[in-house]
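Peer 1: Sequence first, then the predicted structure, then my questions.
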Amino acid sequence: MTPVLQIENVTVRFGGVTAVHDVSLTINVGELVGFIGPNGAGKTTLMRVITGIVKPQQGRVLLEGRDLARKSIDARVGAGLALAQQIVQPLHDMSMLDNVALSCGSRKTGRVITAMLHTNREPERDKARGLLEKVGLGNVVDAMPATLPLGYLKRLEVARAMALEPKLLLLDEPLAGLNQAEAAGLADLILGLNKAGQTILLIEHNLREVLRICPTLYVQDNGVPLAFGEAGEVMKNPDVRSAYLGGHA
């Protein structure tokens, strides 16, 4: 197994509160790992450590064996991380196609000189069409985001993240706010991306869909790791059942 992400003994404190305590986690190439836990478990904090928004007091994060400690958020994206956020924030003055095309051209627009030397957007727009088709939005490429429901915008967020060609795709509660049919459809899309080779870490409260698509689970409660391993075995763990399910089956 080849590690993509290695989290080693990470601890984060905010004042006198420990949000994450001594967390270690390894995600290998091609894995789909569901990251679950009750509210206040420190899931978002750990995600922010990975992306560089939060600096840990202890421990380190490695991407393909490279320590990310000195890398900015932008540099981490360039190194192979992409995050689809829970609260979608598309560029409302751009079509769905151009929202994704902008992400496709991130390497060209990162520097002013590079952007000036690349004025032809058609390669990025062609790539964006393919990504929108892949996430089930091929029929709304010219629509404006404000005219479309939340389920469409969630898929747009995934397409924009995939446009960065990530080594690791981080998904922060992508199913939040969706009805059952929409959630199942987006979960199927996530599973399909993984089967096509994309490595994914999925933070999600929708336990039903997580258990349906994720072979591996990582569970955290009050910032402390509880279990990591095969989903069925993890859910039999009495500490997990107590913390996440209130002790009930």
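Peer 2: Arrived safely.
Peer 1: right, and the helix or strand after the lengthiest helix in the chain?
Peer 2: Longest helix in the chain by number of residues, with DSSP state H as the criterion: helix 180-195. Sequence-wise, the next helix or strand downstream of helix 180-195 (DSSP states H and E) is strand 200-203.
Peer 1: counting contacts, what elements does that next one pack onto?
Peer 2: strand 32-36, helix 43-51, strand 168-172, helix 180-195 (3 or more CB pairs under 8 Å, 6 or more residues apart in numbering; DSSP states H and E). Every C-beta, even on glycine, is put in place using the N, C-alpha and C of the backbone.
Peer 1: What angle do strand 32-36 and the last one make with each other?
Peer 2: Counting by axes from the mean of the first three to the mean of the last three CA atoms, to 10 degrees, helix 180-195 points 140 degrees away from the direction of strand 32-36.
Peer 1: For helix 180-195, which helices and strands make contact with it?
Peer 2: strand 32-36, helix 150-162, strand 200-203, helix 207-213.
Peer 1: what's it in contact with?
Peer 2: 30-32, 135-136, 150-151, 154-155, 158, 162, 169, 171, 174-175, 178, 200, 202, 206, 209, 212-213 (CB atoms under 8 Å, 6 or more residues apart in numbering).
Peer 1: What of the third one?
Peer 2: In this structure, residues lying in contact with strand 168-172 by CB under 8 Å, 6+ apart are 4-5, 27, 44, 47, 50-51, 63, 80-86, 158, 161-162, 190, 193, 198-204.
Peer 1: what about 6 Å?
Peer 2: With contacts defined as CB atoms under 6 Å, 6 or more residues apart in numbering, strand 168-172 is touched by 4-5, 47, 81-86, 161, 198-203.
Peer 1: Spatially, which two of those residues are the most separated?
Peer 2: Greatest spatial distance among the contacts of strand 168-172 (CB to CB): Val4 and Gln86, at 22.1 Å.
Peer 1: Check for me that Arg13 belongs to a helix.
Peer 2: No: under DSSP: H, G, I helix; E, B strand; the rest coil, Arg13 sits outside any helix and is assigned strand.
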